[in-house]
Structures are given as C-alpha cells and as structure tokens.
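Peer 1: My questions are about this predicted structure, shown below with the sequence.
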Amino acid sequence: MRYLRSKKNSRFLSFITILSIMGVGVGVTSMIVVLSVMDGFEAELKKRLMSTDLHILILPTPEIPGFDSGFVPKFAMDQSGLKDFAAKDKRIVSFWPVVSTEAILKTDRKVTGVVLKGITAERLARMKNQITESADPRMMVERSGADTIRLPGAFLGQELAYEMGSIPGDFLTIISPTETEGPLETVPRLKRFAVEGVYHTGLPEQELHTLFATDAAVRSFLRRADVVSSWEITLNDFEQAPAVAREIRKLLPNYKVQDWVELNSNLFASLKLERISMFIILAFIIVVASFNILTTLTLMVMEKKKEIAILKAMGARDGQVAAVFLAEGMLIGAVGVAGGAAVGWVICQALRRYEFITLPDVFYDRTLPVTFAPGYYVGVSIVAILIVLAACLYPSRRAAKFNPLDGFRFG
C-alpha cells in the first residue's frame with residue numbers, strides 16, 4: 001500500500017493508476033452488461049418457444065411404407081409403437097398428427113407464400129388462449145347466387161394478418177404450387193377460406209409464415225385422404241425435449257426426430273457466436289487498461305530503485321521483490337474488477353426494474369431484457385484478473401532482476 005503512494009512530484013504516476021483502475025472497471029462493466037442483455041434476449045426467445053406446442057417434431061422419411069412426397073398414411077405412426085410410448089411417458093402432454101404443405105395465400109390486396117398446417121380439433125382448442133381476435137360464425141359464409149356456402153376457417157398469425165391487411169371474417173384464397181391435371185390441362189389447385197381468428201405467440205417468424213386450419217380442410221385442399229406429413233409432441237418440461245427426442249430416435253430409426261433445440265439450431269448458434277464475439281471484443285478494453293497497469297508498475301519500479309536496493313541489501317530474494325510489485329498490480333486490477341462488477345450489477349438491476357430503454361418493433365420485446373447470471377460475474381472477473389496478472393509479470397520480473405548497486409548509485 002505504501003508503494004502505491006507515489007512521490008509528491010510524481011502526480012503523473014497517480015493519474016495513470018487511477019486511469020488503470022477506471023479502464024479495468026469500464027471493461028468489466030461493459031462485458032457484464034452486454035452478456036446479461038444478450039442472455040436476456042435468449043431467455044425471452046426460449047420463453048416464447050416454450051409457449052408453443054411444438055417441442056419435438058417427427059418427420060417421415062422415404063423408408064416408411066406408403067411415403068409419397070412427404071406424406072404417409074395416417075395409420076403409419078399407430079404401427080410404430082410411439083402412440084403407446086407417448087401414453088405411458090408422463091413427460092409427454094400431447095401427440096398431434098399434422099398435415100402441412102407450402103401454399104400461396106391470396107387476398108384482395110396481396111399475395112404471399114405460407115405454410116398451411118392442418119391440425120386436429122383438440123389442437124385448435126388448445127390454441128384458443130393464443131387467439132387475440134375471432135370472427136362471428138355468421139361472417140364465415142360466402143354467397144354464391146341464391147346459395148350460401150360456409151367456408152372452412154383459417155387462423156392467421158398476427159404478423160401475417162398485419163402484412164396482408166386481413167381481419168377476422170375476411171375471405172382468403174389458398175393456391176397450391178402443385179398443378180392438377182384435368183380436362184383443361186394443368187390448372188392450379190385452390191380453395192377458399194375465411195379468417196376465423198388471429199393468433200399471437202410472440203414468435204414473429206411463425207406468425208408471418210404459418211397458417212392453421214382443420215386437418216379435414218387441408219386434406220380436402222390437397223385431395224388426399226387419411227394422410228399426415230408430421231407429428232408434433234408437446235412436453236410438460238420444455239427442457240426435457242432433447243432427452244425425450246433421443247429415446248424416440250431409438251424407437252423410430254426410420255423417422256427424422258428433431259427437438260426444439262435442433263429446429264432452432266441456426267438461431268441459437270448465431271446467438272452463441274455473437275456472445276463469444278462480443279466477449280472477445282469487450283475483453284480488449286481490459287487489455288488496453290492492463291497496458292496502463294504495465295506502464296504504472298514500470299514507472300513505479302524506476303521510482304523505487306533505491307527502496308528495491310535496500311530490500312535486496314537486507315536479504316530480500318528476487319521472488320519476494322517481484323511479489324511486491326505483482327501484488328501492487330493485482331491490487332489495482334482487483335479494485336477495478338470489483339468496482340466494475342458492482343457498477344455492472346447496478347446497471348443491470350436498473351434496466352430490469354425501470355425499463356427505460358425502448359426497442360423497435362422488430363424485436364421480441366419493446367424493452368431491454370436483462371438476466372442475472374452469477375456465472376457471468378465470476379467468469380468475467382476471473383478473465384479480467386488473468387489479463388491483469390499477465391500485464392504485471394514483466395515489470396515484476398524487471399524489479400526482481402534489478403541490481404542493488406545501480407539503486408545505490410543512481411537512486
């Protein structure tokens with residue numbers, strides 16, 4: 001502590017010491033806040049994925065008997081043993097057959113591509129809590145001359161409804177990209193639907209591209225009876241999906257089984273890469289601050305030449321002298337790390353409580369999500385201390401190798 005107090009005529013050394021502490025603190029604060037915010041975004045994304053019913057997806061492969069362009073007979077899964085497995089396993093809440101196809105959605109105003117998914121009536125009933133707007137049943141009829149035709153209902157995502165300018169009760173035309181052979185040669189296959197409701201899951205990608213209807217209506221549109229294109233499993237515990245998927249793969253070797261982690265692997269991989277990149281970039285703030293510590297200790301060694309000479313004349317070993325300056329550098333770094341961690345915690349708590357930063361509409365939330373992960377505080381602090389330790393080694397070794405005679409001669 002005495003060595004940290006420079007001579008009165010060495011104000012510059014004290015100034016560099018303060019800059020070193022502040023530099024390490026700013027670096028630690030930046031790393032903690034940025035990592036906490038990025039972890040908050042990932043946590044919010046997982047929360048929204050958890051709100052959906054799709055935790056595990058099972059797709060047929062060409063090895064399945066009856067496979068035809070992605071569709072298999074509805075009874076194919078009943079013969080596989082998965083139905084019994086799902087009934088016995090308490091982790092599985094539901095097991096849904098799905099008929100899906102890519103299609104073109106046309107309204108009076110716009111045209112876009114969508115994925116049309118036909119689901120069971122029980123699955124539609126589970127979606128009721130995600131429906132934000134519904135149509136009156138009397139609005140879902142279309143007049144054709146003197147007759148009225150009740151149209152099948154379709155559920156649009158909130159983003160898709162906004163993009164297409166559709167509201168409950170509007171009419172839609174679904175066009176299949178696969179043409180049908182007929183007496184007038186090839187003609188596009190199309191079917192009229194009415195917007196029965198608008199759902200909101202918090203996942204813009206799903207809301208923008210997925211259209212739900214009853215499985216009977218989709219089979220009628222595809223002109224295929226008793227077929228399915230996939231099976232979707234919902235679990236009690238969202239995090240158990242990878243383990244359950246591994247067991248299902250053993251049971252169904254000829255099927256493609258994907259859990260929610262694999263279905264969103266590109267997204268989570270990009271988030272992980274971004275987190276690592278930001279960690280490395282922000283670590284350079286601490287590296288720059290560590291150069292200030294290196295400069296501080298080097299100047300301190302030059303200032304304390306006489307004191308080093310006296311210590312060595314009294315019998316101090318090289319390691320003991322090096323430990324003094326190493327301890328000085330570590331003390332500077334420790335003060336900066338502790339201060340930075342404390343300021344980072346205060347900023348994160350302020351962001352969580354007051355939510356004074358507003359985000360654009362393209363994000364999942366309008367406020368900045370922040371999580372508290374003790375591992376980040378510990379990990380960032382350890383990395384910062386190691387960087388500071390590396391910066392202290394050179395001046396400490398220089399002090400240890402100092403010749404006492406030079407200290408008495410020039411000190």
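Peer 2: It's in. Residues are numbered from 1 along each chain as shown.

Peer 1: The nearest residue to residue 102 once chain neighbours are set aside in helix, strand or coil?
Peer 2: Of all residues not flanking residue 102 in the chain, residue 115 sits nearest, at 5.9 Å (C-beta to C-beta, 6 or more residues apart in numbering). Backbone N, C-alpha and C define where each C-beta goes, glycine included. Under the three-state scheme (DSSP: H, G, I helix; E, B strand; the rest coil), residue 115 adopts strand.

Peer 1: pLDDT value on residue 115, please?
Peer 2: In this model, residue 115 is scored at 91, pLDDT.

Peer 1: show me the contacts for it.
Peer 2: Residues in contact with residue 115 (C-beta atoms under 8 Å, 6 or more residues apart in numbering) are 100, 101, 102, 103, 209, 210, 211.

Peer 1: Assign a three-state SS to the fourth one, would you?
Peer 2: In other words, residue 103. At residue 103 the chain is in strand, as set by three-state DSSP.

Peer 1: That one and residue 58: what is the separation?
Peer 2: Counting by C-beta to C-beta, to the nearest Å, the separation of residue 103 from residue 58 is 22 Å.

Peer 1: Tell me which stretches of this structure form strands.
Peer 2: With DSSP state E as the criterion, the chain has strands at 56-59, 72-73, 92-106, 111-119, 131-134, 141-144, 147-150, 153-157, 171-182, 185-199, 210-214, 227-228, 230-235, 256-259.

Peer 1: need those in TSV with distance to residue 380, can you?
Peer 2: As requested, these are exported to TSV (distance: least, C-beta to C-beta, whole Å):
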stretch	distance to residue 380
strand 56-59	35
strand 72-73	51
strand 92-106	39
strand 111-119	42
strand 131-134	41
strand 141-144	62
strand 147-150	61
strand 153-157	39
strand 171-182	51
strand 185-199	40
strand 210-214	39
strand 227-228	49
strand 230-235	34
strand 256-259	31
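
Peer 1: Out of those strands, which gets nearest to residue 293?
Peer 2: Closest approach to residue 293 among the strands of the chain is made by strand 256-259 (47.0 Å; C-beta to C-beta).

Peer 1: With just CA atoms, put the closest one into PDB.
Peer 2: Coordinates of the C-alpha atoms in strand 256-259 are reproduced here as PDB (Å, rounded to 0.1, in the frame of the first residue of the first chain):
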ATOM      1  CA  LYS A 256     -36.400 -37.900 -38.600                       C
ATOM      2  CA  VAL A 257     -36.800 -36.700 -35.000                       C
ATOM      3  CA  GLN A 258     -35.900 -33.100 -34.100                       C
ATOM      4  CA  ASP A 259     -36.300 -31.300 -30.800                       C
END
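
Peer 1: Mind listing what's buried along that strand?
Peer 2: Residues 257, 258, 259 are the ones in strand 256-259 that count as buried (16 or more other C-beta atoms under 10 Å).

Peer 1: ok, so of those, who is nearest residue 202?
Peer 2: Out of those, the member with the shortest distance to residue 202 (by C-beta to C-beta) is residue 259, at 19.6 Å.

Peer 1: just checking, that closest one touches residue 244?
Peer 2: Yes: using C-beta atoms under 8 Å, residue 259 is in contact with residue 244, at 7.4 Å.

Peer 1: What's the local residue count around residue 91?
Peer 2: 15 (other C-beta atoms under 10 Å).

Peer 1: can you give me phi and psi for it?
Peer 2: phi -70, psi -20 (degrees, to the nearest 10).
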